[in-house]
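sequence below, structure please.
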Amino acid sequence: CYLFTFVLAALATGGDGMGLMNYLLEIAPARRRPSYMGVSYTLTAPFMLMPWAGGVLARAASYPAVFAASAGFAVVVLLLAVRLREPRRGVAA
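Next up is the predicted model:
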């Protein structure tokens with residue numbers, strides 16, 4: 001179970017790192033790309049505290065509560081990701 005969990009986590013982290021910045025660079029106008037990237041990093045900085053928040057939730061409630069919250073957030077993120085538009089749609093190759 002541990003091996004499977006860490007393999008999936010590594011795949012997700014790599015895909016996220018690759019996909020997020022590439023998508024952002026595709027949708028941002030060329031002159032505004034540095035600003036878009038700066039705002040993106042600024043907005044994602046608070047999420048670095050999520051492991052701490054998970055520990056607080058685990059101590060206050062339980063581990064099943066942490067896993068339920070994680071599953072809920074995963075569903076929300078999946079629904080948001082599915083709604084992203086293809087940035088190259090309609091552009092001749």
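
so what pLDDT did the residue most central in space within the chain get?
For the chain, the residue sitting closest to the mean C-alpha position, by C-alpha atoms, centre = their mean, is Asp16 at 6.2 Å. Confidence per residue is given as pLDDT, and for Asp16 that number is 81.

any idea how far it lies from Thr44?
The span separating Asp16 from Thr44 equals 10 Å under the rule C-beta to C-beta, to the nearest Å. To be clear about C-beta, it is placed using only N, CA and C from the backbone, and glycine gets the same treatment.

mind listing the strands for the protein?
Read by DSSP state E, the chain holds no strands at all.

name the single longest helix found in this protein.
The residue-count maximum for a helix in the chain (DSSP state H) belongs to helix 2-27.

helices or strands up against that helix?
Helices and strands touching helix 2-27, as assessed by 3 or more C-beta pairs under 8 Å, 6 or more residues apart in numbering; DSSP states H and E, comprise helix 33-44.

and the helix it packs on, what does it pack against?
Identification of packing neighbours for helix 33-44 by 3+ C-beta pairs under 8 Å, 6+ apart yields helix 2-27.

run the angle between the longest helix of the chain and helix 33-44 for me.
Orientation of helix 2-27 against helix 33-44 (axes from the mean of the first three to the mean of the last three C-alpha atoms, to 10 degrees) gives an angle of 140 degrees.

how far off centre is helix 2-27?
Centroid displacement of helix 2-27 relative to its chain, using C-alpha atoms, centre = their mean, to the nearest Å, is 8 Å.

give me the buried positions along that helix.
Across helix 2-27, burial judged by 16 or more other C-beta atoms under 10 Å covers no residue at all.

separation between Ser70 and Leu57?
From Ser70 over to Leu57 the distance is 10 Å, taken as C-beta to C-beta.

neighbour-wise, which of these two wins?
Taking Ser70 and Leu57 together and counting by other C-beta atoms under 10 Å, Leu57 has the greater number of neighbours (16 against 13).
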